[in-house]
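Student: Okay, sequence plus prediction incoming.
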Amino acid sequence: MIINVDLPLSKDVASQLKAGDTVYLSGSMYVFRDAGHKRLFASIEAGKPDIDYAGETIYFMGPCPALQGQVLGSCGPTTSCRMDKYTPYMFDTGLAAQIGKGKRDKASIDAIARSGGVYFAAIGGAGAIYSKCVTDVQVIAYEDLGTEAIRRITVKDFPVIVAVDSTGKDIYSR
């Protein structure tokens, strides 16, 4: 069964999603990866966050340039564990969901469950398919980082799997 979910992800909807569910996301989310996280976290530590991520979904991805007729080029997920050092703080301060690929560390899973959030897995190698789901893209911050800038994308029927649900159940440890 496929579950259609509109973003932003509400706590009520998040609580109904179970590890292993297939979900199609529609709405807006932030996208950035390692360098964007590092710079954002520095702005948070300085007391002046460059974006408000409360209630938001962050997709770990650095897009390829768009080809003619595309809104965004190939946009497959990057490995999530590289962002684990930022994850507990971000969920504890309001982040609703993350999208990436691969397992998460215990501290991240505990923070996802503690906050009632969700971690979605996107399919590695499916960047060309994901790009067809993107209907709009805007650079929000750190344009100088190129593909690692913070962007806001709008998606329609973006396929993901619930990898860690709001109770901490994890598809990787079944």
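Tutor: Done, it's in.

Student: Check the chain for its longest helix and report it.
Tutor: helix 34-45 (DSSP state H).

Student: Pull out the buried positions in it.
Tutor: Judged by neighbour count (16 or more other Cβ atoms under 10 Å), helix 34-45 contains these buried residues: 34-41, 44. Just so you know, the C-beta spots here come from the backbone N, C-alpha and C atoms, and that holds for glycine as well.

Student: try stretch 143-161
Tutor: 145, 147-155, 158-161.

Student: Next: stretch 73-87.
Tutor: Neighbour-count burial for stretch 73-87 [16+ other Cβ under 10 Å]: 73-78, 80, 83-84, 86-87.

Student: circling back to that earlier point, the helix or strand that the longest helix of the chain is followed by packs against which elements?
Tutor: Past helix 34-45, further along toward the C-terminus, the next helix or strand under DSSP states H and E is strand 57-59. Other elements packing on strand 57-59 under the criterion 3 or more Cβ pairs under 8 Å, 6 or more residues apart in numbering; DSSP states H and E are strand 22-31, strand 97-100.

Student: Could you give me the buried positions within whichever helix or strand comes after strand 57-59?
Tutor: Next along the chain after strand 57-59, taking DSSP H and E as the criterion, comes helix 87-92. Neighbour-count burial for helix 87-92 flags 87-88, 90-91 (criterion: 16+ other Cβ under 10 Å).
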